[in-house]
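**Q** Got a sequence here, can you model it:
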Amino acid sequence: MSRIGKKPIPVPAKVTVSIEGQDVTVTGPKGELKMTVHPEIKVRQEEGTLLVERPSDARQHRALHGLTRALLANNVHGVTTGFRKTLKIEGVGYNGDVRGKDLVMKLGYSHEIVIKPPQGISFAAEEKGTLIHIDGVDKQLVGQVASDIRELRPPEPYLGKGVRYSDEVIRRKAGKAGKTK
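**A** Sure thing, here's the model as predicted:
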């Protein structure tokens, strides 16, 4: 039995869940998320909790069981508290700023990079533009936007310049040793 899949998902009082066939819609104070569940996996609501059930012990059913439960739990968490990724920008002259809803970044190129947020995503900057927060209700979308921003200037191993996740550790390399006599 899947240890993740068999755990019930608690649904807070301010969250409503509607199940129509294989479509599950979770609505809360932060927004609404829709998800289509695999046809062989069943989701049912019971006394303030969501339960995910599988038809057999086949390998694929076990995998889908835990996956579906984790995705539904992320949807419930997203519409109640939301998700946040924080990026740290390091380097002389490197920074980010929020203008309106757009994120404007200076990353050592000859031009500024303007990033328009997808629907459901918001940006915030602090500490003179060296910390960028990406907020949203969809965990997957928040992670993808953070990854796309990091790819604009990934951290390099010699000086550590670039965009990295706030909890990411960059392994530093020693530079040239220099001439010895």
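**Q** With just CA atoms, put stretch 104-113 into PDB.
**A** Extracted C-alpha coordinates of stretch 104-113, given in PDB (Å, rounded to 0.1, in the frame of the first residue of the first chain):
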ATOM      1  CA  VAL A 104      12.800  43.900 -14.900                       C
ATOM      2  CA  MET A 105      16.200  42.400 -14.400                       C
ATOM      3  CA  LYS A 106      19.800  43.700 -15.100                       C
ATOM      4  CA  LEU A 107      22.100  40.700 -15.400                       C
ATOM      5  CA  GLY A 108      25.200  42.000 -17.100                       C
ATOM      6  CA  TYR A 109      23.800  42.100 -20.600                       C
ATOM      7  CA  SER A 110      23.600  45.200 -22.700                       C
ATOM      8  CA  HIS A 111      19.900  45.400 -22.100                       C
ATOM      9  CA  GLU A 112      17.300  44.900 -19.400                       C
ATOM     10  CA  ILE A 113      15.300  41.700 -19.400                       C
END
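**Q** Give me the contacts around it.
**A** 89, 91, 93-98, 114-115, 149, 152-153, 161-163 (Cβ atoms under 8 Å, 6 or more residues apart in numbering). To be clear about C-beta, it is placed using only N, CA and C from the backbone, and glycine gets the same treatment.
**Q** out of those, which are inside helices?
**A** The members of those that map onto helices under DSSP state H are residue 149.
**Q** among the contacts of stretch 104-113, which ones are buried?
**A** Listed as buried from the contacts of stretch 104-113 are 89, 91, 94-96, 98, 115, 149, 153, 161-163; burial here means 16 or more other Cβ atoms under 10 Å.
**Q** ok, those vs residue 54, which is closest?
**A** residue 149 (37.1 Å; Cβ to Cβ).
**Q** Correct me if wrong: that closest one contacts residue 134.
**A** Yes: counting by Cβ atoms under 8 Å, residue 149 does reach residue 134; the two are 7.4 Å apart.
**Q** Quickly list what's touching both of these two.
**A** residue 87.
**Q** So which other helices or strands are in contact with the single longest strand found in the chain?
**A** In the chain, assigned by DSSP state E, the strand with the most residues is strand 83-90. Other elements packing on strand 83-90 under the criterion 3 or more Cβ pairs under 8 Å, 6 or more residues apart in numbering; DSSP states H and E are strand 95-99, strand 131-136, helix 139-151, strand 162-165.
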